[in-house]
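Participant: coords please:
(4 chains)
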Number of protein chains: 2
Amino acid sequence: MKPVTLREIANKLNISITTVSKALKDYPDVSPKTKFLVKELASTLNYKPNAFAVNLRTRESKTIGLIIPVIVHHFFSNVIKGIVAQAEKKGYLVIILQSNESYELEKKQIDLLMNQRVDGIIISLANGTIEYKHLTDVIKANTPLVMFDKIAKIVNCSKVIIDDRKAAYDATQHLIDIGCRRIAHFRGSLLPQNSIDRFLGYRKALDDNGIKYDPSLVYICECDDNSFEEGKENARLLMQEHNDVDGIFINTDLVAIGAISEFNDAGIKIPEDIAIVGFSNWFMSSIISPTLSTIDQPGVKMGKAAFKQLYKEIKLKKRNKPVEYQQIVLKTKLIQRDSTKL
Amino acid sequence: MKPVTLREIANKLNISITTVSKALKDYPDVSPKTKFLVKELASTLNYKPNAFAVNLRTRESKTIGLIIPVIVHHFFSNVIKGIVAQAEKKGYLVIILQSNESYELEKKQIDLLMNQRVDGIIISLANGTIEYKHLTDVIKANTPLVMFDKIAKIVNCSKVIIDDRKAAYDATQHLIDIGCRRIAHFRGSLLPQNSIDRFLGYRKALDDNGIKYDPSLVYICECDDNSFEEGKENARLLMQEHNDVDGIFINTDLVAIGAISEFNDAGIKIPEDIAIVGFSNWFMSSIISPTLSTIDQPGVKMGKAAFKQLYKEIKLKKRNKPVEYQQIVLKTKLIQRDSTKL
DNA sequence: GTAAATATCGAAAACGTTTTCGAAAAAACC
DNA sequence: GGTTTTTTCGAAAACGTTTTCGATATTTAC
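Facilitator: Predicted coordinates for the structure are as follows:
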């Protein structure tokens, strides 16, 4: 009933706890014979070391924390998948928390994870996060921290991202290439770095093609959730305010899909009347009608890369070696589908 | 740098560790004055108890394990969301593992969680799971276990499910109500209980309406993953083998969406030529064209219910009280959309 | 045969907490 | 004032492991 301990094994073999422990870990100062006996008995008794005791002693929890804004998003659940898979390979468990895009919750969760003495933390910031003290505190406490996707440039730690600016540039250039000249942009929330970068990429593409930037064509949403509804709402506004727009670059696929749905209902033809490019390559985008052109953002790969970097830093820290923070930039690619096939 | 311990607080105040510990936990045998001093110092030093030490002593980890077949599924990520949210309310953390529908992995992961001494486990079985020893072992070890969605009827523990049989009956009856007479069924994998139940519901509805059951209209997929591709493949087969079918009840929305996509490509009209009902109410189903009629399966609610039950059992176990296992059945409802609007 | 080197073991401290139990001090009672 | 009760504290054991270091026992060297 109760889990087996070293003591029990020691008692049954009439040897000390010390020797049992050493035998199991192949210390050189225990004879082959006792090693054999110990290992055999341990396996028949199905001995499993008590993780708490080990952790207390070694100050390693073999556990990492992951904080993401929302779980129910194709991109994020892919990242989770990548992280969990990679972590398991290295014998690490992952504690997942959802910040719900709330700065306050995010702070509390960081606290929780630190109290749990996780070996490292991977995080994608909430849109509402404007201060970074809780993050620098993690670094000060010497706990490895890796940020991905929604990062804070100012915080000094490793990051796994895509080149949002370039991706947005590509998306906008694509719209221009197929003949769009009045191009709107749904940029979502104002704050997060990737929202900013995508906006800048959009603007740069306009500039480089001699198209005048019109601020009234940029739709911001303070709603903090990049939702389907946001897409519908923005599309409605756009139809009222600008009936001359012939292309839109939209921050996130889900929002783009909301817009498509609204345009479909309103009888506006995609791509003939308005061409649309989304962002992230949600699975959904390939089955909506018309199918949505988008930027492929490799979620699983990002998750794996983030864990790998974290793992590296955990190991370095253990050996008291200096770590140098990496900025890992993953490749994206434009996927053309029907929403931009003129 | 190093985390603060009870000892440090004790030293600074010139009192014993015991008293510090008691003061922080409001034991009655410490004076209000020292309580005040201790608490004040603890908060200025930002003292946080070492979770390992606490756990080692109290044999409570305040952590639960969650094993699900796939994270990147709308239904499952909603369940995760429900569990994580509810757990956080009670101060519990969730370790999430993905079995990838593999029995072997599932076994290993149960082992991992047990070694971590989690306080309880919530699981949705892999399709490949045919033996249940790893699960009964959990129960034997006196660790609360709650199964949801994909359960094993034979295992004696609490379960959170929907009435798959009734839901499937409703879906099939709906097809009959709108005039379908040759109704196929894509049942997915053979093994899991809900696949069986949905099939039985389908069959019962046929029986009750005097429609002869034709085994050749039931499409099984051994591919173990309920995918979009499975839907396309089955749709192709169906078109070759049975051009008289006028309705399909499909095990999962994602598969249904694959089928819709294939039918769309083949120029088969939905619902005029074939009406379709899916299962689960993925978000995607409301935006595909035609929109998909389906059974709403409340993921977040299931997650919350599962955690609540687990929590109850953890508390009961702690007080050495007997627990009685619950079978919680959540309500589903049919959502009619365009794929069955004749 | 003695000295030195090696092989094998175990006692004990430590990780940071919680809780039992007894002791000392203070207060209450007669 | 002496006894009892109450308040307040701390020593110590315990949770299960890891690791240091010293103690035997055995082998090797001469």
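
Participant: list the contacts for the residue lying closest to A:Arg59 once chain neighbours are set aside?
Facilitator: The shortest distance from A:Arg59 to any non-neighbouring residue, by C-beta to C-beta, 6 or more residues apart in numbering or on different chains, is to A:Arg117 (7.4 Å). Bear in mind the C-beta positions are built from the backbone N, C-alpha and C, glycine included. The contact partners of A:Arg117, by C-beta atoms under 8 Å, 6 or more residues apart in numbering or on different chains, come to A:Asn55, A:Arg59, A:Ser61, B:Asn50, B:Ala51, B:Phe52.

Participant: mind listing the helices in chain A by residue range?
Facilitator: Under the criterion DSSP state H, chain A contains helices at A:6-13, A:17-24, A:32-44, A:51-58, A:74-89, A:103-115, A:133-140, A:164-177, A:193-208, A:228-241, A:253-266, A:299-318.

Participant: and A:Asp265, how many neighbours?
Facilitator: 11 (other C-beta atoms under 10 Å in any protein chain shown).

Participant: can you tell me how far it sits from A:Ile276?
Facilitator: Distance of A:Asp265 to A:Ile276, given as C-beta to C-beta, to the nearest Å: 15 Å.

Participant: before we move on, what about A:Pro144?
Facilitator: Where A:Ile276 is concerned, A:Pro144 sits at a distance of 40 Å (C-beta to C-beta).

Participant: how about A:Ala171?
Facilitator: In this view, A:Ala171 and A:Ile276 are 10 Å apart by C-beta to C-beta.

Participant: what's the overlap in contacts for the two?
Facilitator: Residues touching both A:Ala171 and A:Ile276 (C-beta under 8 Å, 6+ apart) are A:Ser293.

Participant: can you pull the contacts of the closest residue in space to A:Ala23 that isn't next to it in sequence?
Facilitator: In this structure, A:Ala23 finds its nearest non-sequential neighbour in A:Val38, 3.8 Å apart by C-beta to C-beta, 6+ apart. With contacts defined as C-beta under 8 Å, 6+ apart, A:Val38 is in contact with A:Ile9, A:Leu13, A:Ile15, A:Thr19, A:Val20, A:Ala23, A:Leu24.

Participant: ok, back up a step: in JSON lines: the helices of chain A, plus distance to A:Val218.
Facilitator: Shown next, in JSON lines, are the helices of chain A (distance: least, C-beta to C-beta, whole Å):
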{"stretch": "helix A:6-13", "distance to A:Val218": "65"}
{"stretch": "helix A:17-24", "distance to A:Val218": "63"}
{"stretch": "helix A:32-44", "distance to A:Val218": "65"}
{"stretch": "helix A:51-58", "distance to A:Val218": "50"}
{"stretch": "helix A:74-89", "distance to A:Val218": "23"}
{"stretch": "helix A:103-115", "distance to A:Val218": "24"}
{"stretch": "helix A:133-140", "distance to A:Val218": "29"}
{"stretch": "helix A:164-177", "distance to A:Val218": "12"}
{"stretch": "helix A:193-208", "distance to A:Val218": "7"}
{"stretch": "helix A:228-241", "distance to A:Val218": "10"}
{"stretch": "helix A:253-266", "distance to A:Val218": "13"}
{"stretch": "helix A:299-318", "distance to A:Val218": "26"}
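
Participant: nearest to B:Arg203, of the ones you listed?
Facilitator: Among the helices of chain A, helix A:74-89 comes nearest to B:Arg203, with 34.0 Å by C-beta to C-beta.

Participant: who's more crowded, A:Pro144 and A:Ile276?
Facilitator: A:Ile276 (29 against 25).

Participant: roughly how far does the more buried one sit from A:Phe186?
Facilitator: Counting by C-beta to C-beta, the gap from A:Ile276 to A:Phe186 is 10 Å.

Participant: overlap in contacts, those two.
Facilitator: Here A:Ile276 and A:Phe186 share the contacting residues A:Ile248, A:Ile250, A:Ala256, A:Ala259, scored by C-beta under 8 Å, 6+ apart.
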